[in-house]
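In: Please find the sequence and the predicted model below.
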Amino acid sequence: MDFDETQSFGLDILLEFLEVAIHCILHKRDLYPKGVFRQAKKYGVPVQMCIHPDVSQYIKDILESIKRLPKNSAEQVCLVIMDKDSSPVERFVFKLATSSLVSQGDRFLYDLEQSLRSFLLKLNVCDSLLSHVTAQCSWTVHVTTKQSSAEKMNMTQLDRGFPWVEAEGSEVNFDEFCVVPIRSLRSHFFDIQLFVQEKST
Amino acid sequence: GDYMAAKKAKLNDQFLEKQTIIGGQTSDIFKGVVIHINGYTKPSSDELKKMMMLHGGHCEHYLSKRRVTHIVATNLPNSKIMTHLKHCKVVRPDWITDSVKAGKKLPYVPYLLFTKETRNQQYLDANSATSSIQLSKNVHDTFIPSTNKTISRLDHSPCKFQNNSNIRGDNSSLNATLTNRTNKSYAAGKAGDPDYLSEFYNHSRLHHLSTWKTQWKDYVSKLQSQDADFRGREKLAKLVYDKNVGGQISAERLSMSQDIKRTIMHIDMDCFFVSVGLRKRPDLKGKPIAVTHSKGNGRAATVPGSDVELERMLWRGGKSSPRKSPHGQVGGAASRDTTKEGGASSNRVKSLLTSPAKAPETYNSMAEIASCSYEARQAGVKNGMFLGPAKKLCPDLITIPYDFEGYQEVSKCLYDTVASYTHEIEAVSCDEMLVDCTDLLTSTGAEPLEFASMLREEIFEKTRCTVSIGMGSNILIGKLANRKAKPNGQYCVKGEDVLEFMKSQNVRNLPGVGRSTTEKLKSLRIETCEELQKAPLSLLQKEFGPKTGLTLYKYCRGEDDRPVKLEQERKSVSAEINYGIRFKQDVDVDNFLMELSTEVQKRLQDIKMKGKTITLKVMVRHEDAPIETSKFLGHGICNNFSKSTTLLTATDNADVIHRECVTILRSWKLVASDLRGIGIQVQRLQSIADSGKSNQSTLNFTVSKPVGSSKEQKGNRTNGASSMSIERGTGHANVLDTITDNEDLPVGNSTREGSECHQPPLPTLDVIDFTDPGFQVTVTERDFPRHYIADQRKESSRQVQQTVEINDVVSVTNDVPCKMQARSTISLCGATSIREIRALLNEWLQQQPEMEDNEVMVTYLNQLISNQNLEQMAVVVRFLNRKRKQLRDTLWQNSLDHIISEVQTSLRSCYGGPFKLN
């Protein structure tokens, strides 16, 4: 088993999880009317999935293009929630890393499933930790990568209909933000850490 | 009498003649020595003969106890010495080779093959090869009789040997040498002995049989892959042409033979083992012969502590309940032959086998008969029988030993001969094959029987062994026809005669019809195929299920769609041992499983396959069975267990196989000493090339990672000192640097800190303080990447910190690989869990604030942050914040403020903002 395979394997599960998590955040932060969500089950946890075709397609596209990034180049995936003036209010930061566990284990993904389940449960109550009302807000996704991989991506993404562009300065400006840790997860396949950067009130 | 005398004289002449041919004798080391070579030896008997020629000795082809001075053998069964070789000196061939090397006749005593009494006793490992020579020189003559006596009493301890021996004083060293020698030469060791496995596979008859089958299959496919060189075919065509002078008739014949749709030929040697064995003993032709390990007359020494009666009783009990070992004692040894010949079951045999032995002490040899001649079969002896009962049935039964080289040779000849005609061969076993000769017959225009007699003649000429050939339009008919052809005959069933031919067949002869089906058919009053033909399809399908019913319906009409499998596909690979398994403790089992796994790995790799399903089979002593079996080191009455596990990806790795097997074995919770047989089988094979591409990367991961790491661990152990390897991602990967430690210790700790936005470089070699006593790890230069990617944002302070951490971590190195627990490594004065920390802090807050404690606290929280464990950090900081508000003490408030602001600062630098406290 070489390193690369570990990566792509973990990546599939990771992206699947990210998809659910993004839907979950959209639901929890009232970014869309509750009516466009439908309850589903993932890792044995009830989750809300947006059934609006455009929204779910958008999320799928995002994740698909993340998958195409050069290996290990995505450091963070952030869901940025912005108010009417397009200034960020909350940032859900998923910090990604390859597994820091060196030992073998979890061959049947039991542990990983448990971790992802508890992660989702925690995410489902994140609204109680956050203070902003984000009902009228819009959202976007940022991916933090290396300069080199960003350039590489720009070279290759033109032929696909889903280009990434550099984030606007105002969207990445977090001078008066405080951190709300949500959950971190360590598995034998990848590590994720989720925290919210919240605009200080 | 006269014939043999003449023959011996002739052989003697030939020997002398040859001696002059190879240049006369060069020395007279072996003057007066006459050897007789018994069975397989290494070097081969020919070489030994040549050596004897060269050095003044003589070699006798037949064992005459008057003339022969030494018998040369490497492996002889116990009973053989007990009866035939009681008063002979049986030496190992090394005696001859060593003597030749030494240039003088060495004393043969250290080379004696049988000094069985020594096996049960552990001796000091005396190294006295030379001293023993001196010794035995002195005691040469007086010593021999005593040794022989002890040989005859297999289970006696060496005290007997000492008593009888005239030597005094130096016995021990002599004994020791004998022990050394015999241990090496004698095959019946116990599992767990060094080299037991390889010894076992070198000697096991079953193993030979099983490998042959695959070996010949491989041989056939090798032949098939080669260019066709059908010399035989040309010969046959010529023969046909000569017979029918002029092309006219042959054209007619051609068109005739084209009517024959398919001709399948079943070629089978007549009692293969016997006829090959008889090539060496032509004098035994026409007598009842049995091939077996035992050379005795069926009177085997009873193993102390064993109970034949009980085992026999249990065996019968086991027979009635299929859950228990169906094989019981019979093992699978000659199962191929037994099933083939199973039709004619003699009631005499049954009564012998099942009735409590009337005279258990007389005929109770547990050696199985692998093959017996037709003369013996007439007396009721069957393949797979024990020698004891067989002797009772046929007191004149002569036993001959195995001749594996001969089998090999004859088999090869058989296959080569057939392959010179056609390559459409399916190897069934070493002496049996199916040939689709449709194409051959149409192209040459030969009649099937013509070809068959030509082939049989040719094979007999080459091998001196008779072969029977059955022919028919499909495999079934071919095989059944061969039954009729045997022995040494041929039989062809023509298309129109098939129905008639089938009518005479017993249903038992149909493939797939075993005991239970026969019983069931009997209850339907069906015993022959004629009766079966009358049964309607619907009835058969109702009774036996749709599939079996249909096959029966077709088979009894001589219809069989099975193709001749030209390309053989391996279904499973296994290694199984149920002889000599006597473990003392679990560790032995583990080690043995590892050996067995390695054997399986070897076999898998030999055929370039990987398997997905691993099955562990064990035989466990039946609760009521005696500890010692009546067959020496046999498995006795056993309960069989087997369990499979399916891996996500195919493997051929011994470590993986071993691990799975150990897991299965543990789940049974067996007592190691009760194990009597262990087998590992790997199924669902795929070739290495396939397994590479067909699998998803996802699946590969889970299986192979352990493989890698276990290898890693192994490597580590062999190194002695634990070595630390530090890997770094390639340039473009930023976060994903890992430090891999073989001990699975939390070295990752230090990198994790770096795996945030900062990327601390690895410590260069000069940063690491090798003199630090804590630094126990041998860091070889190889383990470090040669090039470090310079990091733009490196902080020198971090570098220092990292070195320190490595020291910390490494100082805990131990030999036991432990599962890493990432977070447990960060502790506040030993406390890791929230509860512990809360208790600790509550205690702390009762005392006076100290600057040092604050620093400890800040360091701890910073570590949590750098370890991405923000949740725990949040709990602790919230706790402190709460306390800050509760406590009236300004000193405490100040220090807590200090701690919190410190933490907020580092959070801000790492996460872009302070922690939200409210």
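Out: Arrived safely. As the structure is a prediction and not an experimental result, all values here were calculated from the model.

In: going forward, measure contacts between C-alpha atoms and count neighbours the same way
Out: OK.

In: So, low pLDDT: which residues of the stretch 451-600 of chain B?
Out: Counting by pLDDT under 70, the stretch 451-600 of chain B shows low-confidence ranges at B:565-570.

In: List, one by one, the residues from it near chain A.
Out: The stretch 451-600 of chain B has no residues near chain A, with proximity defined as Cα under 8 Å from any Cα of the partner chain.

In: quick one, strands of the stretch 451-600 of chain B?
Out: B:467-472, B:490-492, B:573-577 (DSSP state E, counting those that start in this stretch).

In: Give me the helices and strands touching the longest one, please.
Out: Counting contacts by 3 or more Cα pairs under 8 Å, 6 or more residues apart in numbering or on different chains; DSSP states H and E, strand B:467-472 packs against strand B:264-269, helix B:448-463, helix B:475-485, strand B:490-492.

In: which one of the strands of the stretch 451-600 of chain B lies closest to B:S895?
Out: strand B:573-577 (69.9 Å; Cα to Cα).

In: Mind listing the strands that closest one pairs with, and their directions?
Out: strand B:675-687 (antiparallel) (DSSP bridges).

In: Can you point out the buried residues in the strand it pairs with?
Out: By neighbour count on 16 or more other Cα atoms under 10 Å in any protein chain shown, the buried set for strand B:675-687 is B:675-687.

In: can I get these in CSV with distance to B:L414 and pLDDT?
Out: Listed next are these as CSV, based on distance: Cα to Cα, whole Å; pLDDT from 0 to 100:
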residue, distance to B:L414, pLDDT
B:L675, 41, 84
B:R676, 37, 84
B:G677, 35, 85
B:I678, 34, 87
B:G679, 32, 88
B:I680, 32, 89
B:Q681, 31, 89
B:V682, 31, 89
B:Q683, 31, 84
B:R684, 32, 84
B:L685, 30, 83
B:Q686, 31, 80
B:S687, 30, 77
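
In: Tell me which stretches of the stretch 351-500 of chain B form helices.
Out: B:374-378, B:387-393, B:404-419, B:438-444, B:448-463, B:475-485, B:498-503 (DSSP state H, counting those that start in this stretch).

In: Nearest to B:G39, out of those?
Out: Going by Cα to Cα, the one of the helices of the stretch 351-500 of chain B nearest B:G39 is helix B:404-419, 9.2 Å.

In: what sits up against the closest one?
Out: Identification of contacts with helix B:404-419 by Cα atoms under 8 Å, 6 or more residues apart in numbering or on different chains yields B:40, B:220, B:223, B:230, B:232, B:272-273, B:276-277, B:425, B:430-431, B:455, B:458-459, B:462-463.

In: List buried residues within the residues you listed.
Out: The buried subset of the contacts of helix B:404-419 - by 16+ other Cα under 10 Å - is B:40, B:220, B:223, B:230, B:232, B:272-273, B:276-277, B:425, B:430-431, B:455, B:458-459, B:463.

In: model confidence over the host helix or strand of B:L896, on average?
Out: For B:L896, the element it lies in under DSSP states H and E is helix B:890-911. Across helix B:890-911, the average pLDDT comes to 85.

In: just so I know, which of the helices and strands packed on strand B:467-472 lies nearest A:L18?
Out: Closest to A:L18 of those is helix B:475-485 (Cα to Cα; 60.2 Å).
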